[in-house]
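Novice: Sequence first, predicted coordinates after that:
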Amino acid sequence: MNSMNTERTLSVGKKREDRGVQLKYKFGPLNLDVKCPGTAILLLQCQENTILLNAATALSKYATKSQENIKILFDLDIVKSIIPLINHENIFTRRFAAKLLAEMTAIPFVRDFLLESDYHIPYFTKVLIDEKDLFMQEFSSLILAELSKDMYGTARLLEQCPNTNFLYERIQSTDPDVKKNNIEIIYNLIQDPIGVQEIIYAENFSFPLIYRLLQEPYPEIQHLALNVIGDLLARKKDEYIHNLFRETKGLEALLNFLANDDWRDLHSKVLKILSLASDNHKTIELLNSIGGIQRIYKYMENTPNPKLFADAFDVVICFADILIGRKALYLNGIVDHLINTLEKNVQPDMYLTICYGIGKMVSYGPAGEKLSNGNVIKNILNVLKNDNLKWITRNSAMFALNELFNYNADNCKNFLELRGEEYLIWLIKQPLENVPLEIRLLAVQALIAIAHHSTLRNLVIKENTIDALCTSFEACLFSLINCSTIDELKILSCQALSMFCIDKIGRDAFLKVHGSSRLHYLLSDLHSIPVRNAAVQLVQVLSVDSVLANAFVQTKYLSYMLNNRVSARIIPSWDTCIETLFNSHLPAKFAFTGRLSLHDITKDGFYVLRQNICPFPVLNDLFRFKLCPLEPVYVVNTARSYSSIPTNNINEKDMEEAKNSIVNENASKGVFVSEEVLNSWLHLMFGRLQLDPYLCEYIDLLKCKLVAMESKDLIINEDPNLINISNIASRAKMLAEFVARQMSGPDPSSTCLDHQLEVHLREIKESIGTSVIPLGQLRVGSYLERAVLFKVLADKICLPTALVRGEYGTAWVEIAIPQIEVPPEDTSFSEYLMQEGPCTDWIIRNITLMEENQLLSKKLFSQVQSVSNIAVPWKLQQSIFPSKLMKPNVIVDLIEKPGQFIPIHSELGKTYKCKKIICDLICSPEL
């Protein structure tokens, strides 16, 4: 029954096809499995769509399996076969061809092939813009993303497709792969300086479109979007992009991303972006106004992940860059957190952030006070000394120490109690390969910060400190390196030395470490103008001290600067430094300029060369090397406790022999030599500058004369900067006569001074055994000798005098006598000046004079008027004036008529400046 029904069903149903019978001319569908890729590539030339599609599909699968397969296909020249298929009429063929080509772009040779042509980039861009098929958009955008991964591809893309607005349309696509590829293209373009401008200023550029990608469920898209935001915000000086970021609520988008724990793996990236955004102070202000600082601080406290804690801590510390951020952090308890964390054992990288945060928070008053009381100096110093930490971390510790030192002196005191300055000095003196330049720079800044506190400066000023600061001057250390940091270190070292050498202990240490010799390298360094300028300024500051000025002259600074005056065009302080050296080293000034002004006061140790020689000899060198110049050198020393200049060890036997020789030689001439004079000669012979007893006698004698000559009721002023002008004429006349009398020799009436002087100098040199002659020992003097003696004695009695050296051995002195030129026809004006009564034309300081002194002053007034046709106002004779307001106007005659005043610009004055050659006939041996 059943079988019959089955047969009936089969008989009435559709006729069954017998599949077991194979038809001779009928084939099944093609199923390719690529084992020989060369054969499959040949099928790409087939005209049948089915075979072509299957071949493209099979080759695409083959390329997907490994990178090696892609290389094999490239070697078989598959690219030329794929390119035509991209424009195939069949959509599926186009898809698989584009997919295969996108996979092939992983090979650099394929990318280069596509970039060389001007066809492919515009074509795939057109497909991405116009094609509605999502697969074609995906593969076209993938090809463009691969091509733009290097700088050349980016440049070609910008060149052939300058309009990038389509990228912002495609990142809104419904296909996640299209979004991913287009945001990757944007990321690639912003790596190029030109590309980032095209992206930012594109018409359709929009931050909110990028923020939306952060909500995508695909981490790769989120990661690319965060990279784009981060790279744009890394442009710290681009205020436009930061304003746009704030206006489009970018901070809220990032904070909301942090609030989602499902995306915790990308929180570190978001925190780094917030750190970049916080470099802009306006962003921090906005973040504080929306409560972002509190949210990030709470995130830092609540996160269990140490890595995220460190990243959040970095962001929090960035807020300390501005006052609002520091205040907000202080209110949230960041100071206690910093102090407590510093005392714990934390990750090494955390010390960097902690120390940086301390350095920033110190500038906020309450926080700085709390940190100072928290005694963090010791812990920060331990971080600095930890050799296991990276230099960047130790650099942060140095920064924190500097800020603490600048805050108050207590922090400096605590640091010095720990002997921390010794470690700073050690860092500065280390070889360049051991300690980075930045650490050296901060170490010098720390020493300067301590030195700003005058009460602690002497605790830092040591010979070792000065030696360390001079280390950066040495050419052997930095000659092979040329960078701005080294120049900054040298400049900072010069500034530090200028502070440390304010005190005498610092200047003495500078001399002991031979600082003048080491500093000379910076002065002659032609590679850096700022460094040379800093060196010149340091020399100028130190040259105020006469001892250091002498050291600089001895080290040939003055000669170098004078020979390179052209440097003054680029170094403003060059000429000023020369002037300072001259003012502190008057022997050099007189030798080089031939003039000492009214304000140049000679001191003990002053010397003058009878004839200028080149190079200029330094007195210390003459003593140290026991040199005997051919021409005499006149020296001045009246200090009874003068610190002698020691040289090599003196042999007592030689000293005794020299003493006996001098005594015997003078005894044979009938001359008795006192013990004081004998010791002076001996010290000159054996390299020491000692007391000049004759010059001391001159000074004592002159002071006695002044007491006897001038009124006791007159206010005697000992300040050389304030001069009683009523005494100028009388003192000058008296001193001129005194000098002429002392320098006239055995025969004052003789006019053959030069011959007498030569004989006299020869006798002195034979007596003392050297050409370095004490000025007071001269008994014969010509123009130069008399002028020098007048200048030296005038400075001792507060008589402003200018010393001038002329040509052919001439020299003269000039003084300033206040005067008013009176026309010959105007006699009433002279009478007005002599009236007793208030004088409103002069700002004066009245001094009561005795009646006899008034008569003496009137007598001197008449003498001056008869010589130079000038009138000295009566009221001015009773006044004290600053010497800087005085200008020399008369020459004091020391040769013809000692004591006569000669107007400088008169014919008589011009004649006096020219030396007369006069010799008595009696001095000729033939007569």
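Specialist: Everything's here; your move.
Novice: Strands of the stretch 751-900 of the chain, start to end?
Specialist: For the stretch 751-900 of the chain, the strands defined by DSSP state E, counting those that start in this stretch cover 772-774, 801-805, 811-815, 820-821, 870-871, 880-882, 890-892.
Novice: got those as CSV, with mean pLDDT, mean neighbour count and distance to V376 columns?
Specialist: C-beta coordinates here come from the backbone N, C-alpha and C atoms, glycine included. Shown next, in CSV, are those (pLDDT from 0 to 100; neighbours: other Cβ atoms under 10 Å; distance: least, Cβ to Cβ, whole Å):
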stretch, mean pLDDT, mean neighbour count, distance to V376
strand 772-774, 86, 23, 61
strand 801-805, 93, 24, 61
strand 811-815, 93, 24, 65
strand 820-821, 54, 11, 71
strand 870-871, 42, 19, 74
strand 880-882, 76, 15, 53
strand 890-892, 93, 25, 70
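Novice: Which one of these lies nearest to R95?
Specialist: Of all those, strand 880-882 sits nearest to R95, with 98.9 Å by Cβ to Cβ.
Novice: partner strands of the closest one, parallel or antiparallel?
Specialist: strand 722-724 (antiparallel) (DSSP bridges).
Novice: Packing partners of the next helix or strand after the strand it pairs with?
Specialist: Of the helices and strands lying after strand 722-724 in sequence (DSSP states H and E), the nearest is helix 728-742. Where contact means 3 or more Cβ pairs under 8 Å, 6 or more residues apart in numbering; DSSP states H and E, helix 728-742 is packed against helix 693-709, helix 783-796, helix 851-868, strand 890-892, strand 901-903.
Novice: Can you list the low-confidence ranges for the stretch 401-550 of the chain?
Specialist: When residues are selected by pLDDT under 70, those of the stretch 401-550 of the chain lie in 475-482.
Novice: what about 90?
Specialist: 430-434, 437, 453-455, 457-458, 471-487, 502-504, 520-528, 544-547, 549-550 (pLDDT under 90).
Novice: Please enumerate the helices of it.
Specialist: For the stretch 401-550 of the chain, applying DSSP state H, counting those that start in this stretch gives helices covering 409-417, 420-429, 437-451, 454-460, 463-469, 475-478, 484-500, 504-512, 515-523, 529-542, 546-554.
Novice: Out of these, flag the one nearest I86.
Specialist: helix 484-500 (53.5 Å).
Novice: before we move on, back to that, so can I have CSV of the helices of the stretch 401-550 of the chain showing distance to K887?
Specialist: Formatted as CSV, these follow (distance: least, Cβ to Cβ, whole Å):
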stretch, distance to K887
helix 409-417, 48
helix 420-429, 50
helix 437-451, 41
helix 454-460, 39
helix 463-469, 42
helix 475-478, 46
helix 484-500, 33
helix 504-512, 34
helix 515-523, 34
helix 529-542, 26
helix 546-554, 26
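Novice: Figure out which of these is closest to A310.
Specialist: helix 437-451 (22.8 Å).
Novice: Show me what whichever helix or strand E301 is part of packs onto, helices and strands only.
Specialist: Using DSSP H and E, E301 maps to helix 292-302. Packing contacts for helix 292-302, counted by 3+ Cβ pairs under 8 Å, 6+ apart, involve helix 250-259, helix 281-289, helix 306-318, helix 323-331.
Novice: among the ones you listed, which is the most enclosed?
Specialist: Highest mean neighbour count of the helices and strands packed on helix 292-302: helix 306-318, a mean of 21 (counted as mean count of other Cβ atoms under 10 Å).
Novice: Now tell me what touches it from outside.
Specialist: With Cβ atoms under 8 Å, 6 or more residues apart in numbering as the test, helix 306-318 has contacts from 264, 267-268, 271-272, 274-275, 278-279, 284, 293, 296-297, 299-300, 303, 325, 329, 334, 347, 349-350, 353, 356-357, 360.
Novice: hmm, back to that, redo the helices and strands packed on helix 292-302 as JSON lines? Include mean pLDDT.
Specialist: Formatted as JSON lines, the helices and strands packed on helix 292-302 follow (pLDDT from 0 to 100):
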{"stretch": "helix 250-259", "mean pLDDT": "94"}
{"stretch": "helix 281-289", "mean pLDDT": "92"}
{"stretch": "helix 306-318", "mean pLDDT": "91"}
{"stretch": "helix 323-331", "mean pLDDT": "92"}
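Novice: To E68, which of those lies closest?
Specialist: Proximity to E68 (Cβ to Cβ) singles out helix 306-318 among those, at 37.0 Å.
Novice: among the strands of the stretch 751-900 of the chain, which is nearest L158?
Specialist: Among these, strand 880-882 comes nearest to L158, with 73.1 Å by Cβ to Cβ.
Novice: Wait, S543 touches F582, no?
Specialist: No. Counting by Cβ atoms under 8 Å, S543 stays clear of F582, with 9.1 Å between them.
Novice: Low-confidence ranges, the stretch 551-700 of the chain, go.
Specialist: In the stretch 551-700 of the chain, residues with pLDDT under 90: 551, 553-556, 558-559, 584-585, 587-588, 591-593, 599, 603-633, 635-694, 700.
Novice: show me where it has strands.
Specialist: 595-596, 607-609, 633-635.
Novice: export the ones you listed to JSON lines and tack on distance to K61?
Specialist: Listed next are those as JSON lines, based on distance: least, Cβ to Cβ, whole Å:
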{"stretch": "strand 595-596", "distance to K61": "100"}
{"stretch": "strand 607-609", "distance to K61": "101"}
{"stretch": "strand 633-635", "distance to K61": "103"}
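Novice: quick one: what helix or strand has the closest residue to H120 other than its chain neighbours in it?
Specialist: Leaving aside its sequence neighbours, H120 sits nearest to L114 (Cβ to Cβ, 6 or more residues apart in numbering; 4.5 Å). L114 belongs to helix 108-116 when assigned by DSSP H and E.
Novice: which other residues reach that helix?
Specialist: Residues outside helix 108-116 that contact it (Cβ under 8 Å, 6+ apart): 74, 79, 101, 104-105, 120-121, 143, 146-147, 150, 152-153, 156.
Novice: Buried ones among the contacts of helix 306-318?
Specialist: Neighbour counting with 16 or more other Cβ atoms under 10 Å marks 267, 271-272, 274-275, 278, 284, 293, 296-297, 299-300, 303, 325, 329, 334, 350, 353, 356-357, 360 as buried within the contacts of helix 306-318.
Novice: and the closest residue to Q537 other than its chain neighbours, what does it touch?
Specialist: Nearest residue to Q537, sequence neighbours excluded (Cβ to Cβ, 6+ apart): S573, at 5.2 Å. Neighbouring residues of S573 by Cβ under 8 Å, 6+ apart: N533, V536, Q537, Q540.
Novice: quick one, phi/psi of S573?
Specialist: Main-chain dihedrals, S573, degrees, to the nearest 10: phi -90, psi 10.
Novice: For P693, see how far away I773 is.
Specialist: To P693, I773 is 14 Å away according to Cβ to Cβ, to the nearest Å.
Novice: For burial, what's the neighbour tally of V759?
Specialist: For V759, the count of nearby residues is 12 (other Cβ atoms under 10 Å).
Novice: actually L224, not the one I wrote
Specialist: Neighbours of L224 (other Cβ under 10 Å): 24.
Novice: Make sure it is actually in contact with N188.
Specialist: No. Applying Cβ under 8 Å as the test, L224 and N188 come out as separate, 10.1 Å apart.
Novice: Now V228: closest residue in space, sequence neighbours ignored.
Specialist: Leaving aside its sequence neighbours, V228 sits nearest to Y187 (Cβ to Cβ, 6+ apart; 5.1 Å).
Novice: Return the residues in contact with that neighbour.
Specialist: Going by Cβ under 8 Å, 6+ apart, Y187 touches L224, N227, V228, D231.
Novice: Would you agree the third one falls within a strand?
Specialist: No. Checked against DSSP: H, G, I helix; E, B strand; the rest coil, V228 lies outside a strand; its state is helix.
Novice: quick one: it from M350, how far?
Specialist: As judged by Cβ to Cβ, V228 and M350 stand 29 Å apart.
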